[in-house]
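# show me the folded form of this:
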Amino acid sequence: MGSEGPPAVTIHVTGFKKFHGVSENPTETIVTNLQEYLKVKGLPKGVTLGSCSILETAGQGAVIPLYQALETGLSEKDSEASNGGKIIWVHFGVNSGATRFAIEHQAFNEATFRCADEMGWKPQKAPIVSADGAISRTRETSLPVEKITESLAKMGYEVMTSDDAGRFVCNYVYYHSLSFAEQNGISSLFVHVPSFLTIDEETQMQFAASLFEVLASIV
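Next up is the predicted model:
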C-alpha cells in the first residue's frame, strides 16, 4: 500500500528459536517470513519494516544479539532523524498453552525459569537488571495496550491484554527491551502468540500485519 511522505513508524521485530517442549517455535516462522509476506500483501500505510531478528531462547544468550539489534535500529534512527518517524520494537514469543493472542503490558525484573533455557541457565528469583533493585520492580510499555487490544479485537482477532509475561525468557527479553526503550526514546511491545495448532499460520501472519497497522494509527 505504501504512503506519501515520511513513514509514521519503523517497526523492528524479533522472534525466538525452539526451546524445551516447543520443537518448532511459531514466532521463528512468523518473523522469518514477515518481509516476504508484507511484500506480497503490502505494508500498512505509514509503516516501514525494519530488522527481523531471531533470538536464542536463552536469557543471557538472547541479550547480546538483542542489544546489537537495538543499537543498530537506534543508529538508523539517528541517520534518518530528518524523517521524524517513530521507532517501535515488537517482540513475538509463544505461549503454547494459550488460545488467543496476548498484548503484554509490562515485564518484571525477575528471572525465575521453570526449566533451563537453551544454554542450560536456570535462574531462580534473580533480578534481570540488578541496578533496578527488587525483583518486584516492573517496567511498562509506553504504548496504549488497551487501545491496541480493542482495535485488534474489532478486526476479529482473539486477543487480550496481559499484565504478566511470565518469568522465563520472554519476560527477560521484554524487560531489557523496555529498559533500553525508556533510555532511548523509543517504544517496545511484547506479544504472546499461541501455537499454529491453535491459531493457524496464515491467521497469525495476518495478525502481525494488522498489529503493525494499528501501531501506525496510534503514533
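# mind giving me the packing neighbours of the helix or strand bottoming out on mean pLDDT in the chain?
The weakest-scoring helix or strand in the chain, judged by mean pLDDT, DSSP states H and E, is helix 59-79 (a mean of 85). Helix 59-79 makes packing contacts with strand 9-16, strand 47-55, strand 86-94, helix 169-184 when contacts are defined by 3 or more Cβ pairs under 8 Å, 6 or more residues apart in numbering; DSSP states H and E. Heads up, the C-betas are built off the backbone N, CA and C, glycines and all.
# how about those, which one is nearest Leu74?
Ranking the helices and strands packed on helix 59-79 by proximity to Leu74 (Cβ to Cβ) places helix 169-184 first, at 5.6 Å.
# now do the least confident helix or strand of the chain: everything it contacts.
10, 12, 14, 16, 50-51, 53, 55-56, 87, 89, 111, 113, 117-119, 121, 123, 169, 172-173, 176-177, 180, 184, 186 (Cβ atoms under 8 Å, 6 or more residues apart in numbering).
# can you do 7 Å?
12, 14, 50-51, 53, 55-56, 87, 89, 111, 117-119, 121, 169, 172-173, 176-177, 180, 184 (Cβ atoms under 7 Å, 6 or more residues apart in numbering).
# buried ones in that helix?
59, 61-63, 66, 69-70, 73-74, 76-77 (16 or more other Cβ atoms under 10 Å).
# number of residues surrounding the residue lying closest to Tyr37 once chain neighbours are set aside?
Closest residue in space to Tyr37, ignoring its immediate chain neighbours: Met205 at 5.1 Å, by Cβ to Cβ, 6 or more residues apart in numbering. Neighbour count of Met205, defined by other Cβ atoms under 10 Å: 17.
# then Phe180?
A total of 18 residues lie near Phe180 under the criterion other Cβ under 10 Å.
# can you check Gly97 too?
Using other Cβ under 10 Å, Gly97 has 8 other residues around it.
# how near is it to His192?
Using Cβ to Cβ, to the nearest Å, Gly97 is found at 10 Å from His192.
# measure Phe101 to Val9 for me?
Phe101 sits at a distance of 20 Å from Val9 (criterion: Cβ to Cβ).
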